[in-house]
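Chemist: Take a look and give me a structure for this.
(one chain, ligands or ions: 2)
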Amino acid sequence: MTSVFIDGAAGTTGLEIADRLAGRPEFSLLQLDEARRKDAGARREALNAADFVILCLPDDAAREAVAMIENDRTRVIDASTAHRVAPGWVYGFPEVVGHGTVAEAMRVSNPGCYSTGFIALVAPLVRDGLLPADWPYSCHAVSGYSGGGKSLIERFKADPDIAWRGYALSLGHKHVPEMQARCGLTVAPLFSPAVVPAHRGMVVEVPLPLGAMSGAAPVDELRAALADFYAASPIVVMGDAPADGEMLLRASDQGDDRIALFVFGDADGSQARLVARLDNLGKGASGACVQNLNIMAGLPETAGLRL
Ligand SMILES: NC(=O)C1=CN([C@@H]2O[C@H](COP(=O)(O)OP(=O)(O)OC[C@H]3O[C@@H](n4cnc5c(N)ncnc54)[C@H](OP(=O)(O)O)[C@@H]3O)[C@@H](O)[C@H]2O)C=CC1
Ligand SMILES: CC(=O)N[C@@H](CCC(=O)OP(=O)(O)O)C(=O)O
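Modeler: Ligands and ions are numbered 1, 2, ... in the order given. Below you'll find the predicted structure:
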């Protein structure tokens with residue numbers, strides 16, 4: 001049986017991964033009890049005993065964990081930001097980098113939640129030449145507070161009066177490098193994230209002033225190209241245009257492990273809005289880790305996922 005060690009198993013992402021692996025006969029989970037889960041010696045032992053390690057840790061602890069692996073057998077999926085543009089790591093977005101690339105990888109860096117939405121929308125269109133690589137893209141997004149892990153969950157629970165929290169106000173959010181690199185953009189996108197008082201869920205939007213963008217395809221072509229690119233995916237799907245003209249994120253939404261893409265445009269084709277809707281803990285984190293684990297272990301990619 002394939003053994004899996006989740007380092008950071010008591011955190012938000014780790015717990016959701018354990019949920020998705022529960023009852024899976026293909027995997028046995030190596031677990032450290034509460035007293036030993038941060039003990040370096042115990043972690044080193046588990047990191048080297050496991051066939052697969054999933055790192056659900058802050059960036060520095062993720063780097064430390066990788067350095068503790070002293071064998072050439074243990075394969076790693078890192079949920080943190082530490083290795084997303086690092087040499088020697090495969091970016092764990094199989095629909096974009098290719099399932100075969102992930103299947104063969106020893107080191108996989110799971111995409112950031114916001115980056116998943118941005119890259120899902122922009123990477124295929126730039127790659128196909130339907131959007132320019134040299135445009136200064138903007139990206140606006142809202143996330144449920146679980147995106148900030150245990151500390152942000154506590155903060156929102158302690159202060160239910162927060163209706164909206166804008167952040168990364170000095171720009172340079174940690175997801176920008178992977179957004180730029182994985183879409184092949186010559187200019188870093190301008191990213192403005194915010195948190196809303198919902199536990200989970202995320203909407204990522206890329207506004208496009210098509211009329212002013214030299215080399216951009218019309219809205220219908222953008223929509224058709226995304227539909228075609230993801231046609232075979234059970235996870236990246238095209239969303240239905242809302243009949244009543246609005247999209248809602250509900251605080252009670254439980255989410256799933258898919259990501260839905262939308263392309264909205266005005267009547268004369270001069271402006272468009274690319275929108276991705278996902279669960280930050282689903283395709284944005286834990287669902288994507290389990291998808292990558294499935295692919296690396298040679299199993300059906302959707303096994304254990306919430307679809
Ligand atoms: N939440 C999300 O939606 C997403 C999270 N991620 C990334 O996943 C990683 C985990 O995030 P998340 O689960 O949200 O964070 P949490 O804060 O909820 O969980 C992190 C866990 O790591 C534990 N930990 C911290 N340092 C160590 C250490 N040295 N050794 C062992 N355990 C340690 C923490 O312990 P303790 O419980 O004692 O604090 C905690 O249980 C982060 O890199 C995050 O950026 C990626 C995409 C989305
Ligand atoms: C709401 C919130 O705070 N979200 C986190 C990103 C969550 C995520 O994708 O995490 P990593 O990139 O760290 O893996 C943030 O903006 O820092």
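
Chemist: Tally up the residues packed near the closest residue to Phe229 other than its chain neighbours, please.
Modeler: Leaving aside its sequence neighbours, Phe229 sits nearest to Pro124 (Cβ to Cβ, 6 or more residues apart in numbering; 4.2 Å). (C-beta placed from N, C-alpha, C; glycine too.) Pro124: 22 surrounding residues under other Cβ atoms under 10 Å.

Chemist: Pro124 is in what secondary structure piece?
Modeler: In this assignment (DSSP states H and E), Pro124 forms part of helix 113-127.

Chemist: now check that helix, is it near ligand 2?
Modeler: Yes. Counting by Cβ under 6 Å from any ligand atom, ligand 2 has neighbours in helix 113-127: Cys113.

Chemist: Let's see that helix as PDB, backbone CA atoms only.
Modeler: Provided in PDB are the C-alpha atoms of helix 113-127 (Å, rounded to 0.1, in the frame of the first residue of the first chain):
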ATOM      1  CA  CYS A 113      -5.600  29.400  -4.700                       C
ATOM      2  CA  TYR A 114      -5.900  32.800  -6.400                       C
ATOM      3  CA  SER A 115      -3.300  31.800  -9.000                       C
ATOM      4  CA  THR A 116      -5.400  28.700  -9.900                       C
ATOM      5  CA  GLY A 117      -8.200  31.000 -11.000                       C
ATOM      6  CA  PHE A 118      -6.000  33.500 -12.800                       C
ATOM      7  CA  ILE A 119      -3.900  30.900 -14.600                       C
ATOM      8  CA  ALA A 120      -6.900  28.700 -15.500                       C
ATOM      9  CA  LEU A 121      -8.400  31.800 -17.300                       C
ATOM     10  CA  VAL A 122      -5.300  33.400 -18.800                       C
ATOM     11  CA  ALA A 123      -2.700  30.800 -19.500                       C
ATOM     12  CA  PRO A 124      -4.500  28.900 -22.400                       C
ATOM     13  CA  LEU A 125      -5.600  32.100 -24.100                       C
ATOM     14  CA  VAL A 126      -2.100  33.600 -24.000                       C
ATOM     15  CA  ARG A 127      -0.600  30.300 -25.100                       C
END
